[in-house]
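Q: missing the sequence, but the structure's below:
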DNA sequence: GAGGTTTTATCCTTCAAGTCGATAACCTAT
DNA sequence: ATAGGTTATCGACTTGAAGGATAAAACCTC
């Protein structure tokens, strides 16, 4: 490469990306965008774009996502990791900070024609290192389902235990027992019954009680479960 | 600010930082450096520096750390988060990616005169947002002590259960029972007895058996503990 | 060998989590 | 209305990880 004092190669470009998940049709799906730019023109990739002056990373990813979905539907957004492999973008030196976003299952945001939901289990070939990012995001989500209340972020305001069970099954990738799910989430005080029941428009069966998450922002419910004396455990009942 | 087409304000500067922990004198301590540059000249801050062309983030932090400690002693290094608050550096627009590094308790690397260990419980005033980063790193470490084998990274090659207990106590910040620690780590197959005993140069007492970690790289041992049917749990015995 | 010290094994309790079956509460069809 | 189907919920039971307490083991010094 010829030396060029104007070239900005002493500073990398910085992109932001989001892995936006929603449970749709009983499967965990991710929002993908069909690129209209080189490199990887025409390939599926994660939504995002360049970090621009005056934005924090989170503000930037929200701004870029706003072009794809109604960001007011985003119930959770957290930073994953920053990728810096030198050859992750074949054209330029570019870092990328990835975010995990969640959308509740009861909304169906309008999408531009170049943007679609794809089941995480059947991903197409993705541009850049995006396939690995999606899988890392899925693992992060699965972990947090076990020790936080993150379920609130992909569940509707109110729901029955059966509905919640399907959401957990889709996200975790294995069967989940209604009985156990209810007991675990109730014992941790993550769920509160609304007192109402689902009006049964179905073909029979006992009407299900409706629940909602006690708190609709992230809280840790099981951290330091191990090697902690029991009196300390009681403390986390607070808040 | 006057508009300057040569200014590179369309791309942020990018720094790398490391929170390097070691258990010293029974306390969790962090490696700090006394700044010799503005801003925050003279204040204590995390070691690190600018990301330079040709380096990944991890290569960059290793390079910067090499000026402070013998990086061969670093038994663990993982990315924490990337900070992007617009006013985190009062002078320039700068992102920073923080890393968590660990050093075993049985080495005492030579340090430059501007670099010192500080107990995490008694931090001096730190430059930038570094105090928050240190606390976030400590929390990450504490969490991983519960569900991974990360203890290998601050323990010597071989050790007695009592020695390991002191390390865990310092890192976790609360009492840890030897009996329980041994039982938990053995059940999870994280520890293997070496078969040898510590030659007793002490004032008496039964000689302690020496153990070492079965694996000296990070492995998850308790992920998805909840809502997972027991037959699935058996699978994670693999690897 | 008595007494002190530290380590380690054993027994016990507690409790989160998971399974299974019984009961409850609706529906529809006869 | 009532029998039978369907879904939801509750309660009893089992399992297993985790923590506490005590006793035994294995060294030391005097």
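A: Here it is on my side, so go on. All values derive from a computational prediction rather than experimental measurement. Numbering: from 1, shown residues only, chains lettered A, B, ... in the order given.
Q: how about the strands of chain A, start to end?
A: Assigned by DSSP state E, the strands in chain A fall at A:13-24, A:27-34, A:44-45, A:48-50, A:76-83, A:94-102, A:115-119, A:191-197, A:209-213.
Q: which residues touch the fifth one?
A: Okay, so that is strand A:76-83. A:18-19, A:57-58, A:61-62, A:95-102, A:129, A:133, A:136-137, A:140, A:150, A:152-153, A:218, B:57, B:79, B:81-82, B:97 (CB atoms under 8 Å, 6 or more residues apart in numbering or on different chains). Backbone N, C-alpha and C define where each C-beta goes, glycine included.
Q: Residue A:192 touches residue A:212, doesn't it?
A: Yes. Under the criterion of CB atoms under 8 Å, residue A:192 makes contact with residue A:212 at 6.3 Å.
Q: Those two: who's more crowded?
A: Applying other CB atoms under 10 Å in any protein chain shown to residue A:192 and residue A:212 shows that residue A:212 carries more neighbours, namely 16 against 12.
Q: so who does the nearest residue to that one once chain neighbours are set aside touch?
A: In space, and not counting its chain neighbours, residue A:212 is closest to residue A:158: 4.8 Å by CB to CB, 6 or more residues apart in numbering or on different chains. Shown in contact with residue A:158 (CB under 8 Å, 6+ apart): A:194, A:196, A:210, A:211, A:212.
Q: can you tell me which of those residues lies nearest to residue B:46?
A: Set against residue B:46, the nearest of the contacts of residue A:158 by CB to CB is residue A:212 (41.6 Å).
Q: is the longest helix along chain A up against DNA strand C anywhere?
A: Looking across chain A with DSSP state H, the single longest helix is helix A:130-147. No. Judged by CB under 7 Å from any atom of the strand, helix A:130-147 makes no contact with DNA strand C; its nearest approach is 7.9 Å.
Q: Give me the helices and strands touching that helix, please.
A: Judged by 3 or more CB pairs under 8 Å, 6 or more residues apart in numbering or on different chains; DSSP states H and E, helix A:130-147 is in contact with strand A:13-24, strand A:27-34, strand A:76-83, strand A:94-102, helix A:161-172.
Q: Other residues contacting stretch A:51-58?
A: By CB under 8 Å, 6+ apart, stretch A:51-58 touches A:14-16, A:60, A:63, A:77, A:79, A:97, A:99, B:9-10, B:12, B:82, B:84-86, B:93, B:95.
Q: repeat that for 7 Å
A: A:14-16, A:60, A:63, A:77, A:79, A:97, B:9-10, B:82, B:84-86, B:93 (CB atoms under 7 Å, 6 or more residues apart in numbering or on different chains).
Q: Enumerate the residues of chain A near chain B.
A: A:8-14, A:53, A:56-57, A:79, A:81-82, A:84-86, A:93, A:95, A:97, A:142-143, A:146, A:168, A:172, A:174-176, A:180-181, A:184, A:223-229, A:232 (CB under 7 Å from any CB of the partner chain).
Q: which among these end up buried?
A: A:11-14, A:56-57, A:79, A:81-82, A:84, A:93, A:95, A:97, A:142-143, A:146, A:168, A:172, A:176, A:181, A:184, A:223-228 (16 or more other CB atoms under 10 Å in any protein chain shown).
Q: So in chain A, where's the weakest helix or strand by average pLDDT?
A: helix A:230-235 (a mean of 56; mean pLDDT, DSSP states H and E).
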